[in-house]
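**Student:** Here's my sequence, what's the structure:
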Amino acid sequence: MSPATPVPERGGAALELLVHGVGGATPQSMLDDPRTVRVTGDETAAVHRRAEDLDAEDHPGRHTARPVPEAYVWSNLTSGDGARALWLLLLPFMVANLAHWMRPAAPGRPGLVRLYGVLVRLLALSLTVLLTAAACEVALDLTAWQCAGTPACADGRAWLGFLAADRGGWWSAPGRRLALAAVVPAVLVGLLWYLSHRTWSAYEAQVPPTGESTATTEKAGVPPEGSRPALGRPGFWYGRRHVARLRAAHTAAGFLTVTAALAAAPARHDTGALAATGLALRAALLLCAALVLWAICGRGRSERRLDRRVESVVVTRLPAASLGLLVLTAVHTAWARPGWSSAGTLPGDAVFGVLTLAQGGLVVALGAVALLLQRPRRDPRTALAGLGGPATAMLACALGGVMSGGVAQRVADWLDGPATPGTAASPLVGPPVLLSWQASVLPVLLLLLLGPAALLGVRTALTARRLRAAVEADYAGETPDPVRTGQIAASRARASLTDSAPLLVGVVSGTALLLGAAAVAGAWISDEVPGRAFSGAHPALAALATTTQALGSWMTGFGFLLFVTWGRRAYRDASARRTIGILWDVGTFWPRAAHPFAPPCYAERAVPDLTWRMRSWTGRTGGRLVISGHSQGSVLAAAAVWQLPAATRARVALLTYGSPLERLYGRWFPAYFGPDALRGLHRAVRCWTNLHRATDPIGGPVRVPAEEGRPAVDAPVLLDPVAYGRTRAHPLPEPVLGHSDYQADPAFAAYRAGLLDRLLPALPRQPAADEAADQGSSGRSSG
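**Tutor:** Coordinates of the predicted model:
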C-alpha cells in the first residue's frame, strides 16, 4: 500500500469525481447522503453534490480531511424510459457493431484495417436485409400470398377476408395483395430510420466540447496526432457524418429488399409493356443497390478531426429514391394480369440461402483479415488469438437468424392452426425450407454446448478446492473454518469463470458456422424440410430429424417471443429495465461504426461530459482532481482522461476499482485497450491506481508495470471479505462483496489520499471574470 496518510500532505482544493458502473446508481447512494443537489446536467446525465458541499470551493477549510465528492450519474443514458427496453430487439445490430471494434492492434497497416471495417459494415448490411426479408416473408409470403390465396386458411379469419382469392374482390388479385402487404415491411424500415435519426440528433450530432482547432490543442499541450491514442482523437466521439451515411444506406437497403420481393413475384407473368416496365424497374433496383454498396464501402469513420461536412446529395437522397422506386414497383405489381394466381411459396425465397452463404463468407474473410492483423505482434492475452471480432460477428448472424426464423415460424404456426406448416395436413406450404433446417440445428447446437458447460463446472469445483490453501494463507493467524474457507474459495473460483468466456464464445461461434453451412447444404440438396428429407432413412434417424425439426421450430419461436416478452416487461418494470440496461452499458459503449440501427452510444454523451467537467473545474480552481471510476465507470473515466489536454492531465489522478479495462476491454478490444494503449494511459496521466479483488467476476488487474519512475498501476489484491471471522471491529460475519462496495474497504481512502499527494499543489484561483466564463462554458455538460 502507498505510504500516504488519509490526510493529503499538500493543501488546496481537491475534488473526487465519482463515476458509477453497470446497473446504474443514484446520487444519494453514491454520495452517501439523502440531500443532494444537481450541479450541472439534465435528467439524462448530471453531476451531483451533497447540499452542504455546494459552495465547497469558497470554504476550503471545511475539506482538509478528504476531497469534495461529486457524483456523475449516467444510468438514464442506458436504462431510463421504457422505450429503451425495446432496443432489446436490435440486439443483433448491436453485436455486429461490437465486432467492428474488436480488431487486433495493427499500427502501420491501414489497408488491412480499412478492409476489416468494410467487411464488418457489409455483414451489418446483410443483417438489415435479413430483418427486412423476414418481415417480407411474414407479410407478403405467409399472409398475402399463401394464407390469403388458400380458402382453407383465409376463411377462418375475418380480417383477411377482403384479400381472400376466392372472394373475387378488388384486393383479391395476387399483385394487389402483395402491394398492400408491402406496407408492413416498409413501415418497419421507416420506423428503424426514425429511431436512428432521433438518437442521432441526441448523440452523434452533438459537437463535443473538446473539439478545438489544431493550433489551440497544440498550445494546450495535446500531443501531435500521430502520437495520440485512438480514444484521444478529436473526432472519435463525434460520428455525425458517418452514422448519417450508414443510416441512408441501410434505409435504402431495407426499401430495396421490399422492392425486390415485389418485383420478383410477377416477373414470369409480364408481357408487352408490363415486361418492359418490369425490366426498367429491376435495372433501377440494381443501380440503387450498387449505390448502397458504394456508400457502405466507400468511407469509414473520420476520427482524426471533427468532420462536420454534410454528405453528398447522392447519399442523402438515396432513401427517398429507394422509397420512390418501391412505390413504382408496387403499382407495377398491383397491375392486373389475367391468369395469375398464387400457388406454393412466393418467388424469391432463395434469398435466405444467399444471405446465409454471404454472411458465412464474410465471417470467414473477416477471420482471415484478423489473423493477418494479429500476426506481426501477437499478444497472448488477446481473446481468441485476435478472432474475437469474427466470432462476435458470427454470433450476430446467429441471433439475426434466430429472430428472423423465429417470427416466421411462429406466424406460420398461428396461420395454419393445429397443423404443422409444410405437412400434408397444413393448408400452408410454410416458410422457406432453409428456415426449418436452421431451426433444426438449434437443438444440436445446445446439446453440443453441454460438454463445455460441464467441463467448466468441473474445473470451477477443482479450482475452488485448490484455492482453499491460498485463502487460509491470505488470512494467516485466523483459526481455519472449513465452511468459511470454502465459501471464499468458491467465490474466487466462480469469479475466474469470466476468463473462460473467450473459449465459450469461440465454441459457440465455430459450431454455429459449421451447423449453418450444414443447414444450407441440406436445404439446397433436399429442397424439403428435415422431417421429409429423412423420411426414407433408418427409423431412428427419421425420428431424430422429425424431433429436431419440431424442437427447433418451437425454440426459435420461443426465442423471439422471449425477446418481445422481456422487452414488454422491461417497459413496465423499472427493475427489469435496469437489468437490460446492464447489457447495454457494455454493448453500447462504442460508437455506431458498423450499423446505424444499433442502440446509440452513450459514451458520446458521457465522455464529453466528464472531460469538460474536469477541464472546467481544474481551470477554474487550480485544484487537484481524482476521477474515481467503478466497473464500467472506470472505462468512461479512462476514455475521458485520454481526451484531456496535457495541462489538465497534470492535475488529474485516475482511481479505478472493479475495472474491466484489461480483463474485458483489453482482451476483446486490443486496438483500443491493449497493453500499449494502457501503458500509454499510464504515462499520459499524472498518477493512476487500480484496485481489484480475487472474488470480482468483472474487474481485475490492468497489468501495467512500473516504468520511468512511475509505480505499477495495480495495488495489491484487496482481501474479500475484509475479515475472515468475528473480531472486535467486525462482530458480525463480513459478506463476500465481489464486484460491489469497494469504497467500504478501509484501504480505499488511503489509496485515494496517496493519489492526491502525488498531484501538484493547488494553483491560485482564477479571477472572478475568468471563473464566470469557465462556468458558462461548462454548461455544455448539461447537453
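**Student:** Surely Leu163 touches Leu178?
**Tutor:** No. With contacts counted by Cβ atoms under 8 Å, Leu163 stays clear of Leu178, the gap being 10.0 Å. Bear in mind the C-beta positions are built from the backbone N, C-alpha and C, glycine included.
**Student:** Need the residues touching each of these two.
**Tutor:** When contacts are counted by Cβ atoms under 8 Å, 6 or more residues apart in numbering, the set common to Leu163 and Leu178 consists of Ala144.
**Student:** Give the residue spans of this structure that score low on pLDDT.
**Tutor:** 1-11, 61, 63-65, 79-87, 205-206, 209-227, 418-426, 564, 567-583, 763-783 (pLDDT under 70).
**Student:** Quick check, central residue of it?
**Tutor:** In the chain, the centroid-proximal residue (Cα atoms, centre = their mean) is Gly587; its distance is 2.7 Å.
**Student:** From Leu636, how far out is the closest residue to that residue other than its chain neighbours?
**Tutor:** Taking Cβ to Cβ, 6 or more residues apart in numbering, and ignoring the residues beside it in sequence, Gly587 has Met94 as its nearest neighbour in space, at 4.8 Å. According to Cβ to Cβ, to the nearest Å, Met94 stands 18 Å off from Leu636.
**Student:** And for His48?
**Tutor:** Using Cβ to Cβ, one obtains 16 Å as the distance from His48 to Leu636.
**Student:** got it, and Gly666?
**Tutor:** With the distance defined as Cβ to Cβ, Gly666 ends up 16 Å from Leu636.
**Student:** Flag every buried residue along the helix or strand hosting Leu503.
**Tutor:** Here Leu503, judged by DSSP states H and E, is contained in helix 501-526. When neighbours are counted by 16 or more other Cβ atoms under 10 Å, the buried residues of helix 501-526 are found to be 501-502, 505-509, 511-513, 515-516, 519-520, 522-523.
**Student:** Give me the distance between Trp524 and Asp349.
**Tutor:** Applying Cβ to Cβ, one obtains 12 Å for the distance of Trp524 from Asp349.
**Student:** For the helix ranked longest in the chain, which helices and strands make contact with it?
**Tutor:** When every helix of the chain is counted residue by residue (DSSP state H), the longest turns out to be helix 433-474. For helix 433-474, the contact count by 3 or more Cβ pairs under 8 Å, 6 or more residues apart in numbering; DSSP states H and E identifies helix 351-374, helix 388-415, helix 482-495, helix 501-526, helix 530-533, helix 539-572 as packing neighbours.
**Student:** List the residues that contact Leu15.
**Tutor:** When the contact criterion is Cβ under 8 Å, 6+ apart, the partners of Leu15 are 67-68, 70, 617, 621, 623-626.
**Student:** same deal with Cys397?
**Tutor:** Under the criterion of Cβ under 8 Å, 6+ apart, the neighbours of Cys397 are 92, 123, 126-127, 359-360, 363, 512, 516.
**Student:** quick one: which of those residues is most hemmed in?
**Tutor:** Among the contacts of Cys397, the one with the most neighbours (other Cβ atoms under 10 Å) is Leu127, at 29 neighbours.
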